[in-house]
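Colleague: make a model of this:
(2 chains)
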Amino acid sequence: MTAEPPTAAPVVASEQVSHRFQAGAVLRGISLQVQVGEHVALLGPNGAGKTTLLRILATLLRPTSGQVRLFGLDPAASSMAIRRRIGVVAHHTMLYPELTSRENLRYYAGLYDLDDPEPRVQAALAEVGLAAKANALVRSFSRGMQQRLSLGRALLHEPELLLLDEPDAGLDARALDLLPHTLARAGERGAPPAIVFTTHQIGHAAELARRVVVIVAGRLVFDGDIRSLDSGRLAALYGAGPGGN
Amino acid sequence: MATEQASSIVVRAAPASGWSRFPRQTLALLRREALTELRSRETPVAMIVFAFLVLLIFSFAFDLRSDTSPEVLSGILWSAIFFSAMLGFGRGFSGERERGTLDGMLLAPVDRSAIYLSRLLSHLLLMFIMEAAALPAAALLFNIPVWRPRLLLAVLLGTVGFAVVGTLFAAIAANSRARDVLLPVLVLPVSVPIVIASVEETVAALSGPSLLPPLPWMRLSAGYTLLFFILSMVLFEHVCEE
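Modeller: Coordinates of the predicted model:
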């Protein structure tokens, strides 16, 4: 293990980030900063650009224009160093149904080149409540169990930035309860990770974050304390944007 | 920005150097691919059945006799190998993209050439399994002396060449919605030198008793394969980008 001196660089710093697909512009000039250990909820109607923004932050997409720095690093020049420090939970669980949950996590431990992976795999399975299902094939899992295992996969390498795309989608009540606890425990092991997550539920956003960012039709229309945002104001923000519904 | 800054207080895993990480990550990818194929068995079974059907259709269509020319036999054998290999190429990257597991690979700090190499080895394994079934079938249906060392060398060279080209274009096609149509349109024209060299080497193997393959065709096949392999390892990073 090596230590690097602490610096003031934010975990995420995006400046005027825009992205355009063939069908048209998806993001329009998003500027966002996320500090070490900060939790940020991204809210917005369907098609607002939340997932595209997460994919840019995950280094899976390059923005059409604007600049993104992660941990003070340029993703184009330091993608490997950045990917090592990011964990992602997306709509797809990124799991192989033909493998057991242990085999899936061991595979990802191999991709992240983790030393002594077995204790980490066991700990991740225990954290998401699937230790008893370590040798069960993922194809036999419910959507909620797969989503929990996906969270374990994302936490396996102890990332400093967690990007969660609708982590509450498909989760049963037990798994929903587990989510904030699992994320809190992830922070207890070392420096707490910064978390950026998307959701449609303002209630779920309030459970995990104090800061909320609202994106409507690719534009950032609100960035502030979640306590200053109720469902009525949120609906007004959604309606105010050109793509609001 | 002139200097790169790192924000965290603790770096939680000391990164190994790229060269020591590369073989371990390639092995992890290959092991997972072998395990998923072994468990599902869908792709190798589909490839074997398809190769067998191609051979069977040709045997009915041409009413082949023992005096059929080596040129025709070579063409039939390679048609079966190439078309069933396309089936394997089409399922690899496309399946990963549809399931979202490709993102899992791309999110990890894995050198993109390790992803290419593991997929290439996986395609080679699948093709060898298919050929282990298709060659005896060809021997039975067409009386081809498949166990000649010279013929086996021709099959080995053609297989490696086609897999090297096919793996690169399978990744490119996987980014497109029309991936099933695009893959053969991309792979087959670019593979023409491999196809011609493989067919010519096989004709020579079926025609004469010599153990030596025709060197110019062998050189063409090996040179083209090496060139494409180097290009693929270098360009794969860009192929993976959305």
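Colleague: excluding its backbone neighbours, what's nearest the closest residue to chain A within chain B?
Modeller: At 2.2 Å from chain A, residue B:100 is the closest residue in chain B, using CB to the nearest CB. Every C-beta, even on glycine, is put in place using the N, C-alpha and C of the backbone. Once flanking residues are discounted, residue B:100 sits nearest to residue A:92: 2.2 Å by CB to CB, 6 or more residues apart in numbering or on different chains.
Colleague: surely the one you found meets residue B:103?
Modeller: Yes - counting by CB atoms under 8 Å, residue B:103 is a contact partner of residue A:92 at 6.6 Å.
Colleague: of those two, who's got more company?
Modeller: residue B:103 (20 against 17; other CB atoms under 10 Å in any protein chain shown).
Colleague: and that one, what is it in contact with?
Modeller: Contacts for residue B:103 (CB atoms under 8 Å, 6 or more residues apart in numbering or on different chains) come out as A:60, A:88, A:90, A:92, A:94.
Colleague: switch to 10 Å and redo it
Modeller: When the contact criterion is CB atoms under 10 Å, 6 or more residues apart in numbering or on different chains, the partners of residue B:103 are A:55, A:58, A:60, A:88, A:90, A:91, A:92, A:94, B:96, B:97, B:242.
Colleague: where do the helices of chain B begin and end?
Modeller: Ranges of helices in chain B, per DSSP state H, are B:18-40, B:42-62, B:70-99, B:101-107, B:112-142, B:149-174, B:179-190, B:192-207, B:215-239.
Colleague: what of chain A?
Modeller: A:50-57, A:79-83, A:101-111, A:117-127, A:143-155, A:173-188, A:202-208, A:231-240.
Colleague: closest one to chain B among those helices?
Modeller: Closest to chain B of the helices of chain A is helix A:101-111 (CB to the nearest CB; 2.9 Å).
Colleague: please name every helix or strand in contact with the closest one.
Modeller: helix A:117-127, helix A:143-155, helix B:18-40, helix B:101-107 (3 or more CB pairs under 10 Å, 6 or more residues apart in numbering or on different chains; DSSP states H and E).
Colleague: distance from the chain centre to that helix, please.
Modeller: Centroid separation for helix A:101-111 versus its chain: 19 Å, with CA atoms, centre = their mean, to the nearest Å.
Colleague: now do it and helix A:117-127, the angle between them.
Modeller: 130 degrees (axes from the mean of the first three to the mean of the last three CA atoms, to 10 degrees).
Colleague: centre-most residue in chain A?
Modeller: The centroid of chain A falls nearest to residue A:163 when counting by CA atoms, centre = their mean (1.4 Å).
Colleague: what distance do you get for that residue to residue B:179?
Modeller: Separation of residue A:163 from residue B:179 (CB to CB, to the nearest Å): 27 Å.
Colleague: ok so, going back, got the phi/psi numbers for the residue nearest to residue B:100?
Modeller: Main-chain torsions, residue A:92, degrees, to the nearest 10: phi -80, psi 140.
Colleague: again, but for residue A:59
Modeller: phi 70, psi 20.
Colleague: now do the contacts for the residue most central in space within chain B.
Modeller: Centroid-nearest residue in chain B, with CA atoms, centre = their mean: residue B:163, separated by 2.2 Å. Residues counted as contacts of residue B:163 (CB under 10 Å, 6+ apart) are B:85, B:88-89, B:119-128, B:170, B:194, B:225, B:229.
Colleague: list only buried entries from the residues you listed.
Modeller: Listed as buried from the contacts of residue B:163 are B:85, B:88-89, B:119-127, B:170, B:194, B:225, B:229; burial here means 16 or more other CB atoms under 10 Å in any protein chain shown.
Colleague: which of those residues lies closest to residue A:207?
Modeller: Nearest to residue A:207 among the buried ones among the contacts of residue B:163 is residue B:119, at 40.6 Å by CB to CB.
Colleague: which residue is it, in chain A, that comes closest to chain B?
Modeller: Using CB to the nearest CB, the closest approach of chain A to chain B is made by residue A:92 at 2.2 Å.
Colleague: what residues are up against residue 101?
Modeller: Let's take chain A. Residue A:101 sits next to A:95, A:121, A:124-125, A:128, A:130-131, A:133-138, A:140-141, A:145-146, A:148-149, A:152-153 when contact means CB under 10 Å, 6+ apart.
Colleague: sorry, I should have been clearer: chain B.
Modeller: Residue B:101 touches A:92, A:93, A:94, A:95, A:96, A:97, A:104, A:107, B:32, B:36, B:95, counting by CB under 10 Å, 6+ apart.
Colleague: cool, residue A:135 as well?
Modeller: Counting by CB under 10 Å, 6+ apart, residue A:135 has contacts A:100, A:101, A:102, A:103.
Colleague: how does it look with 8 Å?
Modeller: Counted by CB under 8 Å, 6+ apart, residue A:135 has contacts A:100, A:101, A:102.
Colleague: export these as a markdown table, with columns for pLDDT.
Modeller: Output for the contacts of residue A:135, formatted as a markdown table (pLDDT from 0 to 100):
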| residue | pLDDT |
| --- | --- |
| A:100 | 97 |
| A:101 | 97 |
| A:102 | 97 |
